[in-house]
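[1] From the sequence below, what's the structure:
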Amino acid sequence: MAQMTMYTTSWCGFCRRLKSQLDREGIGYSEVDIERTPDAAEIVTRINGGNRTVPTVVYPDGSAATNPSFAEVKTALAKAEAASGA
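    Here you go, the predicted model:
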């Protein structure tokens, strides 16, 4: 399955929940803590209209979602994989 980037913080409960669901299903992702990576905080702010909302997910096709459900992530990754011909 295509890999995504998930922008998080250490204290975000929604982030922990989504990460545990992805880990349980063996779905790969790159995690970036926006409090430790200033450039990442700027990316999240730009995606979310000035807000630092996490989790913010950026899919392989460049599209993004803010606080998506696990089902939404699986659907988006499946679409990205189908589009890439994998």
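[2] what mean pLDDT does stretch 13-20 have?
    Stretch 13-20 carries an average pLDDT of 98.
[3] Counting by contacts, list what the host helix or strand of R46 packs against.
    In this assignment (DSSP states H and E), R46 forms part of helix 38-47. The helices and strands touching helix 38-47, judged by 3 or more CB pairs under 8 Å, 6 or more residues apart in numbering; DSSP states H and E, are strand 4-8, strand 56-58. Using the backbone N, CA and C atoms, a C-beta is placed for each residue, glycine as well.
[4] would you list those strands in TSV and tack on distance to R16, mean pLDDT and mean neighbour count?
    As requested, the helices and strands packed on helix 38-47 are exported to TSV (distance: least, CB to CB, whole Å; pLDDT from 0 to 100; neighbours: other CB atoms under 10 Å):
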stretch	distance to R16	mean pLDDT	mean neighbour count
strand 4-8	8	97	22
strand 56-58	14	98	23
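[5] could you dump the ones you listed to a markdown table with distance to V32?
    Output for the helices and strands packed on helix 38-47, formatted as a markdown table (distance: least, CB to CB, whole Å):
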| stretch | distance to V32 |
| --- | --- |
| strand 4-8 | 5 |
| strand 56-58 | 9 |
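[6] What residues sit buried inside the helix holding R46?
    The neighbour-count check on helix 38-47 (16 or more other CB atoms under 10 Å) flags A40, A41, I43, V44, I47 as buried.
[7] So for I27, which of the helices and strands packed on helix 38-47 sits nearest?
    Across the helices and strands packed on helix 38-47, I27 has its closest neighbour in strand 4-8 (8.4 Å, CB to CB).
[8] now what about the closest one, what contacts it?
    Residues outside strand 4-8 that contact it (CB atoms under 8 Å, 6 or more residues apart in numbering): 15, 18-19, 22, 29-34, 40, 43-44, 54-60, 73, 76-77.
[9] Could you point out the helix or strand that follows it?
    Toward the C-terminus, strand 4-8 is succeeded by helix 13-25 as the next helix or strand (DSSP H and E).
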